[in-house]
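Trainee: I would like to see how this sequence folds:
(2 chains)
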Amino acid sequence: MSLSLRRIWGLMYRHLALYRRSWPRLLELTYWPTLQMCIWGFTSSFIASRMGVGGQVAAGLLLGGVLLWEVALRSQMGAAISFLEEIWSRNLGHVFVSPLRPWELVAALIAMSAIRMTIGVLPAVLLAWGLYAFNLFALGPVLILFTINLMMMGWWIALGVISLILRHGAGAEALAWSVLFGITPFAAVFYPVSVLPAVLQPVALALPAAHVFEGMRAALDTGVVRWDHLAWAAALNLAWAAAAVLLFARQFRVARERGALLSIGE
Amino acid sequence: MSDAIRVSGLTKRYGETLAVDDVSFAAARGQTIGLLGGNGAGKTTTIAMLMGLLIPTAGSIHVLGHDMARDRFAALARMNFSSPYVALPARLSVAENLRVYGHLYGVRGLEARIREVAGELDLLDLLERPAGQLSAGQKTRVALAKSLINRPELLLLDEPTASLDPDTGDMVRSWLERYRAASGCTILLASHNMAEVERMCSHVVMLKQGRIVDQGSPGDLLSRYGRDDLEEVFLDIARNRRESI
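Mentor: Presented below is the predicted three-dimensional model:
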């Protein structure tokens, strides 16, 4: 294993060891996605029972939206909260004086985010299949592209949140939980972009998630893969990720100039 | 061979506040050098700049021959740091903590090294205990074990015996002296404990309000100020009494 991979693994091991010793943290990973699936699953069942075939389609779109949005949410929270764990344990000083490069730190946070997302969302996917007869995998191979795009969106938003924490300290940590909820209305998770007021539609279309969910609705509703939306989602993700990386690099340097790495927990 | 540490014109300014003001000093390899000063003297700021945690406003830092402004990661792999004010993850066991840092520092034969350093610091019975459940003395020894996991050529210690009882403090100091003699490691020690600095350091840098007000061997400083111990020298400097001597 190269030294770089070892350093990334070292930070991942720190978090995996933590989860092994902390069942509340493991429970927290699955709690919200499962709870969300229960609430939206029963809601979807009710809609389907009252509205016939149209209701069943709408129910499927709702459940697909809930599950895929959890992918973005858990990916974003997974990376941001893993960073916060270092602040909470007052360990950041040791991490930043080790030979760990900033990009290796980000790589470790992303890897942990992928693990946390899988542990969190998989039970909800199985619950949807077992309780509500909704099989997300029926979307076919395009599901992989939807998932990757939503994970990427979660990661660059997390990088933005971490940058704000580096700039403003732990006072900005609430963003780790709240920022993606604030984006939900514009992400077109449960309704098409066309439903939004005209002035808000460009905002929605600037988000990769809106294109993913337009694509998901097309795939579930008509079985058509909307490659145009997927291409937009990927391109937007790359552009936003580049901006987030620049922001992170800038804020990391500012934190080193201001001494924030010494007192970030305050 | 270059010095372990060479600092020249080091300055750190936060807005109007000058935390470190034109500080220059050097530490030869294998030497224990002390940074001495009261609260706010600039010790921690200087150490943070030596580790690359803080970017200086002006000046240069060379550690083990590496320019910290350009090549800090090469230096960081060869040095380490311990402070009672920077914690290790409390829920992880001692062995898990050492494993994390062993990976971060790319230590070869990691499991053997963990047992070796745990044996040297009398931690073998504590390896499976969560770090957060240890006493202050045990935590200090774990922090030292972490700082030695990569066999550093330069060890930065920020008040390593703060909060320790006299017996444990003496044990740690003795151990550090033996370790330095055996490994040839350079140690930079920032401390309020004058007796500790006098005992361990061959060169002392006295800081006050971010500036070096004096430096030399403990013996030189004692004779220069006509005092019996460094604590009296420290008080002379802190209270501007040198002129009256």
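Trainee: For the rest of this, base every contact and every neighbour count on C-alpha atoms.
Mentor: Noted.
Trainee: chain center to the helix or strand containing B:Arg199, what's the gap?
Mentor: Using DSSP states H and E, the element containing B:Arg199 is helix B:194-200. Remark: helix B:194-200 is offset 13 Å from the chain centroid, using C-alpha atoms, centre = their mean, to the nearest Å.
Trainee: From the contact counts, what lies against the helix or strand just after it?
Mentor: Following helix B:194-200 in sequence order, the next helix or strand is strand B:203-208 (DSSP H and E). Here strand B:203-208 touches strand B:32-37, strand B:211-216, helix B:230-238, going by 3 or more C-alpha pairs under 8 Å, 6 or more residues apart in numbering or on different chains; DSSP states H and E.
Trainee: Reformat those as JSON lines; add mean neighbour count and mean pLDDT.
Mentor: Shown next, in JSON lines, are the helices and strands packed on strand B:203-208 (neighbours: other C-alpha atoms under 10 Å in any protein chain shown; pLDDT from 0 to 100):
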{"stretch": "strand B:32-37", "mean neighbour count": "26", "mean pLDDT": "92"}
{"stretch": "strand B:211-216", "mean neighbour count": "17", "mean pLDDT": "92"}
{"stretch": "helix B:230-238", "mean neighbour count": "19", "mean pLDDT": "83"}
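Trainee: Just give the closest residue to residue 47, not the sequence neighbours.
Mentor: In the absence of a named chain, chain A is used. A:Gly55 (5.6 Å; C-alpha to C-alpha, 6 or more residues apart in numbering or on different chains).
Trainee: Chain B was what I was after
Mentor: In space, B:Ile47 is closest to B:Leu156, 7.4 Å off (C-alpha to C-alpha, 6+ apart).
Trainee: where's that neighbour relative to B:Ser60, distance?
Mentor: Going from B:Leu156 to B:Ser60 by C-alpha to C-alpha, to the nearest Å gives 18 Å.
Trainee: more neighbours, these two?
Mentor: Remark: of B:Leu156 and B:Ser60, B:Leu156 carries more neighbours, 24 against 19, as counted by other C-alpha atoms under 10 Å in any protein chain shown.
Trainee: The more buried one: what's it in contact with?
Mentor: B:Ile47, B:Met79, B:Asn80, B:Phe81, B:Ser82, B:Ile187, B:Leu188, B:Leu189 (C-alpha atoms under 8 Å, 6 or more residues apart in numbering or on different chains).
Trainee: Please enumerate residues in contact with the lengthiest helix in chain B?
Mentor: What stands out as the longest helix in chain B, according to DSSP state H, is helix B:166-183. Applying C-alpha under 8 Å, 6+ apart, the external contacts of helix B:166-183 come out as B:Gly30, B:Gly137, B:Arg141, B:Thr161, B:Cys185, B:Thr186, B:Ile187, B:Glu196, B:Met200.
Trainee: For B:Arg55, which non-adjacent residue is spatially closest?
Mentor: If you look again at residue B:55, you'll see it is Ile, not Arg. Per C-alpha to C-alpha, 6+ apart, closest to B:Ile55 is A:Glu257, 4.9 Å.
Trainee: Okay, now the unreliable bits of the chain?
Mentor: Chain wasn't specified; assuming chain A. Applying pLDDT under 70 to chain A flags the ranges A:265-266.
Trainee: my question was about chain B
Mentor: Those would be B:1, B:241-245, if you go by pLDDT under 70 across chain B.
Trainee: interface residues of it facing chain A?
Mentor: Within chain B, the positions adjacent to chain A are B:14, B:48, B:51-56, B:73-74, B:76-77, B:80-81, B:86-92, B:96-97, B:99-106 by C-alpha under 8 Å from any C-alpha of the partner chain.
Trainee: So which of the residues you listed sit within helices?
Mentor: B:Ala48, B:Phe73, B:Ala74, B:Leu76, B:Glu96, B:Asn97, B:Arg99, B:Val100, B:Tyr101, B:Gly102, B:His103, B:Leu104.
Trainee: wait, isn't the fifth one in contact with A:His15?
Mentor: Which is B:Glu96. No: counting by C-alpha atoms under 8 Å, B:Glu96 does not reach A:His15; the two are 10.4 Å apart.
Trainee: Quick check: residues of the stretch 1-150 of chain A near chain B?
Mentor: A:3, A:6-11, A:13-14, A:17-18, A:21-22, A:86, A:89-91, A:93-94, A:96-101.
Trainee: where's the residue nearest to A:Ile47 relative to chain B, distance?
Mentor: 49 Å (C-alpha to the nearest C-alpha, to the nearest Å).
Trainee: what's the distance between that residue and A:Leu61?
Mentor: 10 Å.
Trainee: coming back round to it: B:Ala41 versus the residue nearest to B:Ile55, what's the distance?
Mentor: A:Glu257 is 19 Å from B:Ala41, by C-alpha to C-alpha.
Trainee: ok, now which ones touch the closest residue to B:Val20 other than its chain neighbours?
Mentor: Nearest in space to B:Val20, with sequence neighbours left out and distances taken as C-alpha to C-alpha, 6+ apart, is B:Gly210 at 4.0 Å. By C-alpha under 8 Å, 6+ apart, the residues touching B:Gly210 are B:Leu18, B:Ala19, B:Val20, B:Asp21, B:Val23, B:Gly40, B:Ala41, B:Gly42, B:Lys43.
Trainee: Can you pull the phi/psi pair for B:Gly210?
Mentor: Per-residue torsions, B:Gly210: phi 80, psi 0 (degrees, to the nearest 10).
Trainee: Show the contacting residues for B:Ala87.
Mentor: A:Ser89, A:Arg90, A:Asn91 are the contacts of B:Ala87 under C-alpha under 8 Å, 6+ apart.
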